[in-house]
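J.: Have a look at this fold, sequence not included:
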């Protein structure tokens, strides 16, 4: 499938304002990936970037727990400058994508400010503070997507779900990456309507997520860390669920939820494995 | 004289907000100089700094006529972040000076926003736009220090003029570096009172200023580019005026203004020459 035919709807709950800059970690990661700039080892930022600014800020005694590379910073400065002049996040994302030669359409799920906050035994904090700064060490009591009730889907989001041949839900953290997308008014409903063409990937193999704080969050929130639980969370709006072969025993249980189950090798440690999974899944689209 | 006994009152009219950043070229140049960080060849910025951010912004199609190095940027981000939280420019300057090990007291002449605007045949523009972006190519019709009428001297400015053993006026551009300082209500009056201990350096040798757009500005504004004219501009509040030996012929004319005249070698091409001039002048203080 040509890149230009892909629309990616991206979480904005991780967005954070730091040093006056409007920073969108998820959008940038997706954008850098399509642009061939992503530091794949780290999973964020620009490959080969330097960190001179951050080192100097550290010397200045500012908190520098959030990583910003010198080139990466240009993205945040560009975005902040444009948004201060009245551009919407989706417009700026479109401009940046064009500049970076990205042909896929990257859409923030909403142009409104929605902030994922984690309520912990150490108080309420921004998701980035919980995850990056405090390394998910605090006990999670609850989550909120501040502002989501009043948010609207960005232009094109609902249409993309409605008109796309298929909708794929990535093997992302169901709690803090997928849920804030689903919580934007209209999105869950659009997915339910599109259910017959929606396929999701489980982000979990056995009792462990691929990466990130999904396991910690699910555990603290009283959810068993298992592909079956993720299938339960998604069952209303997916028709197929891809799980790892290691979890093949869950197949019939998941199908009991009314969801088709596709076991395959889902570990992706390099581009070759990513491509292999993509090709396999393209053959099993709903 | 120990560095800690020096107070530098600095022009803020060159300050500019770019990409949401609060940038103070004159303050930073002075601060970097005392910190031993100044790129002396260029006369601005940090020695050995890189420009990766700026190159990326250029790639992003943003206007990058104003130079910002990757390390230098940390200063602007620090300042902007602190000021957004309510700090005054003088407080931030004090913090930055402390961080950078600067013992001299660097005081912005005012904490208020004063903006030097140049009225040209191409329209009214910020001084930096006139000087850095358009390289002083437009004909100057007039100047204004926007906001200066409503500004107040920053804490300590008037006291420094009043209590210092001597006040030195640097060989800076009289039109856009010294005049905006004098225009802050109270400053000119304080200098007049302190006249007997005020010494100024001429920024001009023959018909040429040391550097910068002083010649162009003076010429366009109908002022002859000469040390004598600068002495005329300053005569109310200085008791001694340092000119170059090349202009020794002006001595009696300047003294006719009621100002003591000290001819010496004023060209400073290296640290040794700077030190020599400083030592000579320290012997001839009013």
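T.: In hand now; what should we look at? Remember, it's a predicted structure, so these values are computed and weren't measured experimentally.

J.: contacting residues for the closest residue to chain B within the stretch 101-250 of chain A?
T.: Residue nearest to chain B within the stretch 101-250 of chain A: residue A:101 (10.9 Å; CB to the nearest CB). C-beta here means a position set from N, CA and C on the backbone, and glycine is covered the same way. Neighbour list for residue A:101: residue A:35 [criterion: CB atoms under 8 Å, 6 or more residues apart in numbering or on different chains].

J.: any idea how far it is from residue A:32?
T.: Using CB to CB, to the nearest Å, one gets 11 Å for the distance from residue A:101 to residue A:32.

J.: Can you classify residue A:101 by secondary structure?
T.: coil (DSSP: H, G, I helix; E, B strand; the rest coil).

J.: likewise residue A:137?
T.: Classified using three-state DSSP, residue A:137 is coil.

J.: who touches the helix or strand encompassing residue A:274?
T.: Per DSSP states H and E: residue A:274 is located in helix A:271-283. With CB under 8 Å, 6+ apart as the test, helix A:271-283 has contacts from A:1, A:40, A:168, A:199, A:201, A:242, A:262, A:264, A:265, A:266, A:267, A:268.

J.: from those, which is closest to residue B:107?
T.: residue A:40 (49.3 Å; CB to CB).

J.: Around residue A:105, count how many other residues there are.
T.: Residue A:105 sits with 18 neighbouring residues when counted by other CB atoms under 10 Å in any protein chain shown.

J.: Check residue A:66 too.
T.: Using other CB under 10 Å, residue A:66 has 17 other residues around it.

J.: so who does it touch?
T.: Going by CB under 8 Å, 6+ apart, residue A:66 touches A:16, A:18, A:23, A:128, A:132, A:133.

J.: Any figure for the gap between residue A:51 and chain B?
T.: 9 Å (CB to the nearest CB, to the nearest Å).

J.: Ramachandran coordinates for the closest residue to that residue other than its chain neighbours?
T.: The spatial neighbour of residue A:51 that comes closest, neighbours along the chain excluded (CB to CB, 6 or more residues apart in numbering or on different chains), is residue A:69 at 5.7 Å. With angles defined as degrees, to the nearest 10, residue A:69 sits at phi -80, psi 160.

J.: The one 10 residues further on too?
T.: Backbone dihedrals for residue A:79, given as degrees, to the nearest 10, come out at phi -60, psi -50.

J.: Tell me the predicted confidence for it.
T.: Here the pLDDT value assigned to residue A:79 is 95.

J.: Number of residues surrounding it?
T.: Neighbourhood size, residue A:79 [other CB under 10 Å]: 24.

J.: my guess is it contacts residue A:24, does it?
T.: Yes. Assessed by CB atoms under 8 Å, residue A:79 is found in contact with residue A:24 at 7.0 Å.

J.: Overlap in contacts, these two.
T.: residue A:89.

J.: now the strands: where do they sit in the stretch 151-286 of chain A?
T.: For the stretch 151-286 of chain A, the strands defined by DSSP state E, counting those that start in this stretch occupy A:167-169, A:198-201, A:204-205, A:208-209, A:240-244, A:260-264.

J.: Can you give me the neighbour number for residue A:244?
T.: When neighbours are counted by other CB under 10 Å, residue A:244 registers 20.

J.: residue contacts, the residue positioned nearest the centre of chain A?
T.: Geometric centre of chain A, nearest residue: residue A:177, 4.3 Å, by CA atoms, centre = their mean. For residue A:177, the contacting residues are A:11, A:14, A:26, A:170, A:212, by CB under 8 Å, 6+ apart.

J.: Mind giving me the PyMOL select for the residues you listed, buried ones only?
T.: Per 16 or more other CB atoms under 10 Å in any protein chain shown, the buried members of the contacts of residue A:177 correspond to this PyMOL selection:
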select buried, chain A and resi 11+14+26+212
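
J.: And the furthest pair within the contacts of residue A:177?
T.: Taking CB to CB as the measure, the contacts of residue A:177 span a maximum distance of 14.2 Å, between A:14 and A:170.

J.: Relative to residue B:60, how far out is residue A:56?
T.: In terms of CB to CB, residue A:56 sits 22 Å off from residue B:60.

J.: for the nearest residue to residue A:257 once chain neighbours are set aside, phi and psi?
T.: Closest residue to residue A:257 apart from its sequence neighbours, by CB to CB, 6+ apart: residue A:235 at 4.5 Å. Dihedral angles of residue A:235 (phi, psi; degrees, to the nearest 10) stand at phi -60, psi -30.

J.: Need the per-residue pLDDT for residue A:19.
T.: Note for residue A:19: predicted pLDDT of 85.

J.: next one: residue A:62
T.: For residue A:62, the model assigns a pLDDT of 87.

J.: Can you tell me the SS state at it?
T.: Residue A:62 - assigned by three-state DSSP - is coil.

J.: Nearest spatial neighbour of it, chain-adjacent residues omitted?
T.: The shortest distance from residue A:62 to any non-neighbouring residue, by CB to CB, 6+ apart, is to residue B:78 (6.0 Å).

J.: Distance from the chain centre to the helix or strand hosting the one you found, please.
T.: Per DSSP H and E: residue B:78 is located in helix B:72-84. Taking CA atoms, centre = their mean, to the nearest Å, the mean C-alpha location of helix B:72-84 is offset from the chain mean by 20 Å.

J.: And for stretch A:169-182?
T.: 6 Å.

J.: Buried residues, that stretch. List them.
T.: Across stretch A:169-182, burial judged by 16+ other CB under 10 Å covers A:169, A:171-182.

J.: got it, and stretch A:43-61?
T.: Residues of stretch A:43-61 classed as buried by neighbour count (16+ other CB under 10 Å): A:44, A:45, A:46, A:49, A:50, A:51, A:52, A:53, A:54, A:56, A:57, A:60.

J.: Contact residues of chain A facing chain B?
T.: A:19-21, A:49-50, A:52-53, A:56-57, A:59-62, A:70-71, A:73-75, A:77-78, A:80-81, A:84, A:96, A:99 (CB under 8 Å from any CB of the partner chain).

J.: So residue A:43, which state does it fall into?
T.: Using three-state DSSP, the structure places residue A:43 in coil.

J.: Hmm, it is touching residue A:30, no?
T.: No. Between residue A:43 and residue A:30 there is no contact, the gap being 11.3 Å when judged by CB under 8 Å.

J.: can you give me the helices for chain A?
T.: A:25-35, A:52-59, A:72-84, A:89-99, A:127-128, A:157-163, A:179-182, A:187-193, A:214-220, A:227-234, A:251-255, A:271-283 (DSSP state H).

J.: next one: the shortest one to chain centre, how far?
T.: The chain centroid and the centroid of helix A:127-128 are separated by 13 Å, computed with CA atoms, centre = their mean.

J.: And the fourth one, by the same measure?
T.: Distance of helix A:89-99 from the chain centroid (CA atoms, centre = their mean) equals 18 Å.
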